[in-house]
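Participant: The amino acid sequence is not available; the structure is as follows:
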């Protein structure tokens, strides 16, 4: 026993020395030897768990804790157990372990903040970090402030919460980067880009001080900042610049799988239905192992939505349906999976099924009904059912009184010539604003548009109340008063006369208008012609002489040569011959002149002239001696040598050419 006790003591010395030097694999060997002697030694078990954690063997460390629960109770090993669960992505289990710990130590609180952040419980996480910063003084204060700024950025980005000014300094590039992310969540893109450039500069300065850092290492560290810069460019509409910067980040092959997945997804959103081959390659980066533990739920949702859309764009209908159905089962109340399914059905020309799907979803999830009903109205419009689209739009309570919706409904009803329904839309909207925002600019503009619409379609009686309301709001509005008088003139002339007294006098209504300049201006429908210049030959007309214009004489139409004034003209003379009633077609059986007989290029007429047998007095075949001249002149015949050849040059036989010597030939 004495010798055994000495060996254990030396082993503990070895464990202590290895722990101080950071040689945890060797320390683990010594701890295992100690446990062979003392199986339930609490200190040895704790040391073994710590060594396994330091070596990255979290699963083995958790197994040791779970197999020795009697010895390693929650008050002894709570932090190590929760940390192993956290690193194994068992975040819910880690939260339970921390909350069940009898004492909340500082290191447990630090881990508690990390677990809450992973669970996206940002408000609780913010409270934990604020308490830690307030009550702790050590070398990790800047790291806690960085984590707190990350929580504020997440609140701004994912929950659209107005960030609280916590007075966090921007001394490091991480703090500056998180501040930029907060500004992006608020929509302040220009300010966010400035912060990102500051973060880039701070990162270069801090990393260049380390002699071991190469330029490639610095670029890899800057990748997350550059990717966020590209995202801001994309939001600003600078898609070409954003795409170039995204591709630069992808070429660096960053080790962070979350960064690669987000960058690849954003490239896919820029490509849309173009450059599909590149998008299919980028999808592989979003499927890497561990991505689900690096990104927020909304980021993962967006990636899955884009996968389904890409499947639709690449005509993978089954894949699109499978992905969208999976998304719908995971997010039953989210409208986007249903909209993707509807888009796929529309591509397949199944509009009735798409409408049924939208109707069913809007009934099951009324909170998403506005977006769904807008899509239903769009589908009805594409099919030409304008009235059905209007009926659907009028059931959307959130939008039906907005000026844009009123304008769309009135336009569609006017297209269908349903003026009563259009006026009813105006009336309901005016009543709404009369109750909610009386006298506001939106209210008065709607009344003005309603009055103009009624006057346009001859509903002057109905327009009177609207015009009176407008005139009472502004009695100096002469245009409205004139419209009101015009409307009353057809209904109540006495009222029109009484209102006309409010019109200003003609002198006050006169305007200094240059008529000549107005007539000569661009767009004038009538321009008064200037008087022609008087030349020396043109003498002024005597007084009393009229300025009547000379009438131009009409030219008589030319008549055909065989025109007979007594005969009635053919009533079908303006129709083509084939369309006239008395046209019987060409006569059949008539022998046509045979074409193409004889040598190539010769005609039948020429052949008849040259046929000697058909002539009355054919000359002798051979001229007599001494009578050649007389015979030629008497018969009007051209001597044979002076005649042109009857056959064309193409049919003459060419003299055979001699074979060239030296050519390739064979017997």
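Facilitator: Structure received. Not measured: the values here are computed from a predicted model. Residues are numbered from 1 along each chain as shown.
Participant: Poorly predicted segments of the stretch 351-500 of the chain, please.
Facilitator: Applying pLDDT under 70 to the stretch 351-500 of the chain flags the ranges 466, 468-481, 484, 487-500.
Participant: can we see that at 80?
Facilitator: The stretch 351-500 of the chain contains residues with pLDDT under 80 at 398, 437-441, 443-444, 447-448, 455, 458-500.
Participant: Quick check on the closest residue to residue 97 other than its chain neighbours: phi, psi?
Facilitator: In this structure, residue 97 finds its nearest non-sequential neighbour in residue 82, 4.1 Å apart by Cβ to Cβ, 6 or more residues apart in numbering. Just so you know, the C-beta spots here come from the backbone N, C-alpha and C atoms, and that holds for glycine as well. For residue 82, the backbone dihedrals (degrees, to the nearest 10) come out as phi -60, psi -40.
Participant: Check which helix or strand residue 133 maps to.
Facilitator: Here residue 133 sits within helix 122-135, counting by DSSP states H and E.
Participant: So which elements touch the following helix or strand past that helix?
Facilitator: Under the assignment DSSP H and E, the closest C-terminal helix or strand after helix 122-135 is helix 141-158. Packing partners of helix 141-158 (3 or more Cβ pairs under 8 Å, 6 or more residues apart in numbering; DSSP states H and E): helix 106-118, helix 122-135, helix 173-186.
Participant: Please indicate which of those helices has the most neighbours on average?
Facilitator: Comparing those by mean neighbour count (mean count of other Cβ atoms under 10 Å), helix 173-186 ranks first with a mean of 22.
Participant: Which secondary structure elements does that helix sit against?
Facilitator: Contact analysis of helix 173-186 by 3+ Cβ pairs under 8 Å, 6+ apart lists helix 141-158, helix 189-208, helix 215-235 as its packing neighbours.
Participant: Save those as JSON lines, and put in distance to residue 284, mean neighbour count and mean pLDDT too.
Facilitator: As requested, those are exported to JSON lines (distance: least, Cβ to Cβ, whole Å; neighbours: other Cβ atoms under 10 Å; pLDDT from 0 to 100):
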{"stretch": "helix 141-158", "distance to residue 284": "26", "mean neighbour count": "19", "mean pLDDT": "90"}
{"stretch": "helix 189-208", "distance to residue 284": "28", "mean neighbour count": "17", "mean pLDDT": "92"}
{"stretch": "helix 215-235", "distance to residue 284": "18", "mean neighbour count": "18", "mean pLDDT": "92"}
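Participant: need those in a markdown table with distance to residue 392, can you?
Facilitator: Compiled in a markdown table, the helices and strands packed on helix 173-186 are given as follows (distance: least, Cβ to Cβ, whole Å):
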| stretch | distance to residue 392 |
| --- | --- |
| helix 141-158 | 32 |
| helix 189-208 | 35 |
| helix 215-235 | 32 |
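Participant: Next, residue 71: secondary structure please.
Facilitator: coil (DSSP: H, G, I helix; E, B strand; the rest coil).
Participant: I'd guessed it sits against residue 45; true?
Facilitator: Yes - if you go by Cβ atoms under 8 Å, residue 71 and residue 45 touch, sitting 6.2 Å apart.
Participant: Compare those two (neighbour count), which wins?
Facilitator: Counted by other Cβ atoms under 10 Å, residue 71 and residue 45 do not tie: residue 45 has more neighbours, with 23 against 15.
Participant: what's near enough to touch that one?
Facilitator: 35, 64, 68, 71, 72 (Cβ atoms under 8 Å, 6 or more residues apart in numbering).
Participant: got the buried residues for the one helix or strand it maps to?
Facilitator: Per DSSP H and E: residue 45 is located in helix 42-54. Residues 44, 45, 46, 47, 48, 49, 50, 51, 52, 53, 54 are the ones in helix 42-54 that count as buried (16 or more other Cβ atoms under 10 Å).
Participant: Return the distance of the fifth one relative to residue 9.
Facilitator: With distances defined as Cβ to Cβ, to the nearest Å, the gap from residue 48 to residue 9 amounts to 18 Å.
Participant: same thing with the third one?
Facilitator: Noted for residue 46: a distance of 18 Å to residue 9, by Cβ to Cβ.
Participant: Residue 316 too?
Facilitator: Distance from residue 316 to residue 9, by Cβ to Cβ: 69 Å.
Participant: what about the two, which has more around it?
Facilitator: More neighbours surround residue 316 than the other of residue 316 and residue 9, with 15 against 11 (other Cβ under 10 Å).
Participant: What segments of the stretch 251-400 of the chain are helices?
Facilitator: Using DSSP state H, counting those that start in this stretch, the helices found in the stretch 251-400 of the chain span residues 257-271, 276-286, 291-294, 297-313, 317-330, 335-347, 351-364, 369-382, 386-393.
Participant: Need the ones you listed in JSON lines (columns: mean neighbour count and distance to residue 581).
Facilitator: Converted to JSON lines, these look like this (neighbours: other Cβ atoms under 10 Å; distance: least, Cβ to Cβ, whole Å):
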{"stretch": "helix 257-271", "mean neighbour count": "22", "distance to residue 581": "67"}
{"stretch": "helix 276-286", "mean neighbour count": "16", "distance to residue 581": "63"}
{"stretch": "helix 291-294", "mean neighbour count": "15", "distance to residue 581": "83"}
{"stretch": "helix 297-313", "mean neighbour count": "19", "distance to residue 581": "61"}
{"stretch": "helix 317-330", "mean neighbour count": "16", "distance to residue 581": "60"}
{"stretch": "helix 335-347", "mean neighbour count": "21", "distance to residue 581": "54"}
{"stretch": "helix 351-364", "mean neighbour count": "17", "distance to residue 581": "51"}
{"stretch": "helix 369-382", "mean neighbour count": "19", "distance to residue 581": "50"}
{"stretch": "helix 386-393", "mean neighbour count": "19", "distance to residue 581": "48"}
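Participant: what's the closest of those to residue 30?
Facilitator: Closest to residue 30 of those is helix 291-294 (Cβ to Cβ; 34.0 Å).
Participant: Pick out the residue nearest the middle of the chain.
Facilitator: Geometric centre of the chain, nearest residue: residue 272, 7.5 Å, by Cα atoms, centre = their mean.
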